[in-house]
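K.L.:
with the sequence up front, the predicted model follows.
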Amino acid sequence: MSKTSLPALLGTCALALAAGAATAQEQVVNLYSARHYSTDEALYNDFTKATGIKINRVDADDAGILARLKAEGTASPADVILLVDAARLYKGEMEGLFKPIQSKLLNDAIPAHLRSQPAADGGIAWYGLSTRARVIVYNKAKVQKDDVDTYEELGDPKNKGKLCIRSGSHPYNLSLFGAVTEHLGEQKAQAWLQGMVDNLARPPKGGDTDQIKAVAAGECDIAVTNSYYLARMMRSNKPEDTAVVNKVGVVFPNQQSWGTHMNIAGGAVARHAKHPENAIKFLEYLASAQAQNYFANGNNEWPAAQGVTTDNPALKAMAGGKPFKSETIPISAVGANTVKVQQMLDRVGFK
Ligand code: FE
């Protein structure tokens with residue numbers, strides 16, 4: 001964060017007094033962020049430059065932030081919350097940790113399916129601010145693209161012994177499985193989860209990047225990852241990353257049906273925000289074309305705001321240089337399925 005000092009002209013008491021105490025008070029917004037991407041730093045600095053509002057940031061993961069908000073209660077200094085998963089945003093909303101807001105700017109910018117369902121007064125508890133696709137990668141030498149171009153095929157017996165995936169209970173997977181449950185219904189979704197368990201090359205472990213590497217290393221032939229982890233490797237200058245990327249193919253699943261599952265990173269105003277107006281200003285800034293491009297280029301995510309496009313070379317290359325079909329079910333439905341999905345995972349022994 002930039003260390004913003006009070007404007008020099010307020011240095012003299014006379015001027016400060018003349019301007020009034022409120023003017024002399026530093027404008028701040030207290031941010032709790034789960035965005036674990038160093039590239040966001042420049043974005044925050046630009047916000048401070050443009051508005052004079054200083055950002056105090058606390059970093060933790062999604063679960064840590066929700067727990068902290070709960071523990072702090074009304075005393076919480078948090079004004080604005082950034083989380084990196086739809087199910088977790090939904091959970092925060094359900095636990096009453098967010099303050100629904102009215103913002104025409106955000107309502108115009110962010111498509112309805114990428115934000116919470118409106119409250120009775122039209123208030124919105126959270127907004128998606130960037131999107132990431134949950135894609136399938138495969139060993140080009142061993143797997144035909146046609147055999148992995150749908151999520152359903154991850155659980156097909158033809159792919160027995162080939163699959164690597166991180167823990168089923170990780171939010172990225174809970175959200176994907178919640179979306180598939182929405183599309184297939186619970187019965188078929190559970191059979192699909194059972195199929196994936198039967199197809200595992202090894203017990204779930206590691207993060208998404210580990211799954212991509214495991215495919216390149218021959219430990220498995222098929223894996224599931226968020227698009228930005230693959231894009232990061234595609235843009236890396238390290239020879240070992242390039243070697244991995246050269247071995248794997250990528251699929252945007254379900255192009256012939258409901259479209260590729262898109263998760264979101266998003267933001268909300270904290271229930272007990274002491275600076276709610278600054279918090280709204282910050283969220284509105286994140287929906288601006290400039291900020292949306294930071295997400296696209298810095299962390300290789302797609303803009304959530306309508307009409308903002310990205311020329312990120314890795315994202316373009318990954319999608320084969322053409323547009324792809326994204327899922328359009330309300331992302332809030334994914335969060336609503338989380339408990340159901342966790343129960344199914346327990347029943348089929350998906351660790
Ligand atoms: Fe991540």
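P.N.:
Arrived safely, thanks for sending. As the structure is a computational prediction, the values presented were derived from the model and not from experiment.

K.L.:
low pLDDT regions in the protein?
P.N.:
1-24 (pLDDT under 70).

K.L.:
got the phi/psi numbers for the residue nearest the centre of it?
P.N.:
Centroid-nearest residue in the chain: residue 265, 2.8 Å away (criterion: CA atoms, centre = their mean). Dihedral angles of residue 265 (phi, psi; degrees, to the nearest 10) stand at phi -110, psi 140.

K.L.:
next one: stretch 82-101 to chain centre, how far?
P.N.:
Distance of stretch 82-101 from its chain centroid, counting by CA atoms, centre = their mean, to the nearest Å, is 12 Å.

K.L.:
dump the C-alpha coordinates for that stretch into CSV.
P.N.:
Taking Å, rounded to 0.1, in the frame of the first residue of the first chain, the C-alpha atoms of stretch 82-101 are listed here in CSV:
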residue,chain,number,x,y,z
LEU,A,82,-12.8,-9.5,-1.3
LEU,A,83,-13.3,-13.3,-1.6
VAL,A,84,-12.2,-15.7,-4.4
ASP,A,85,-15.1,-18.1,-4.6
ALA,A,86,-18.8,-18.0,-5.2
ALA,A,87,-19.8,-20.5,-2.6
ARG,A,88,-17.9,-18.5,0.1
LEU,A,89,-19.5,-15.2,-1.0
TYR,A,90,-22.9,-16.9,-0.7
LYS,A,91,-21.9,-18.3,2.8
GLY,A,92,-20.9,-14.8,4.0
GLU,A,93,-24.3,-13.5,2.8
MET,A,94,-26.2,-16.2,4.5
GLU,A,95,-24.4,-15.6,7.8
GLY,A,96,-25.3,-12.0,7.6
LEU,A,97,-21.8,-10.7,7.4
PHE,A,98,-22.4,-8.4,4.5
LYS,A,99,-24.4,-5.2,4.1
PRO,A,100,-26.5,-5.2,1.0
ILE,A,101,-25.9,-2.1,-1.1
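
K.L.:
and the strands in the chain, which stretches?
P.N.:
28-33, 54-59, 80-83, 127-139, 163-164, 222-226, 248-251, 262-269, 302-303 (DSSP state E).

K.L.:
quick one, what contacts residue 236?
P.N.:
residue 242 (CB atoms under 8 Å, 6 or more residues apart in numbering). Placement of C-beta: from N, CA and C, glycine included.

K.L.:
same question, residue 124
P.N.:
100-103, 106-107, 115-116, 118.

K.L.:
buried ones in stretch 333-349, by neighbour count?
P.N.:
Of the residues in stretch 333-349, 333-338, 341-342, 344-345, 348 count as buried by neighbour count, 16 or more other CB atoms under 10 Å.

K.L.:
in TSV: the residues you listed, plus distance to residue 129.
P.N.:
TSV is the format used below for the buried residues of stretch 333-349 (distance: CB to CB, whole Å):
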residue	distance to residue 129
333	19
334	16
335	16
336	21
337	22
338	21
341	24
342	26
344	30
345	28
348	34
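
K.L.:
returning to what we had before: how close does the closest residue to the residue nearest to the centre of the chain other than its chain neighbours get to residue 131?
P.N.:
Distances taken as CB to CB, 6 or more residues apart in numbering place residue 84 nearest to residue 265, at 4.4 Å, with adjacent residues excluded. Going from residue 84 to residue 131 by CB to CB, to the nearest Å gives 11 Å.

K.L.:
about what we covered before: and residue 316, which of the strands of the chain is closest to it?
P.N.:
strand 302-303 (10.8 Å; CB to CB).

K.L.:
sheet-wise, list the partners of the closest one with their directions.
P.N.:
Counting by DSSP bridges, the strands paired with strand 302-303 are strand 127-139 (antiparallel).

K.L.:
got the angle for the strand it pairs with vs strand 222-226?
P.N.:
160 degrees (axes from the mean of the first three to the mean of the last three CA atoms, to 10 degrees).

K.L.:
next up, the contacts around residue 192.
P.N.:
So residue 192 contacts 151-152, 154-155, 180, 184 (CB under 8 Å, 6+ apart).

K.L.:
what subset of the contacts of residue 124 is buried?
P.N.:
100-101, 103, 106-107, 115-116.

K.L.:
go through these and name the one nearest residue 78.
P.N.:
Distances from residue 78 to the buried ones among the contacts of residue 124, taken by CB to CB, are shortest for residue 101, at 14.4 Å.

K.L.:
how far away is the closest one from residue 300?
P.N.:
28 Å.

K.L.:
sorry, back to before: among the contacts of residue 192, which pair sits farthest apart?
P.N.:
154 and 184 (12.6 Å).

K.L.:
between the two, which one's more packed in?
P.N.:
residue 154 (23 against 16; other CB atoms under 10 Å).

K.L.:
what sits closest to that one if chain neighbours are left out?
P.N.:
Closest to residue 154 by CB to CB, 6+ apart is residue 196, at 5.3 Å.
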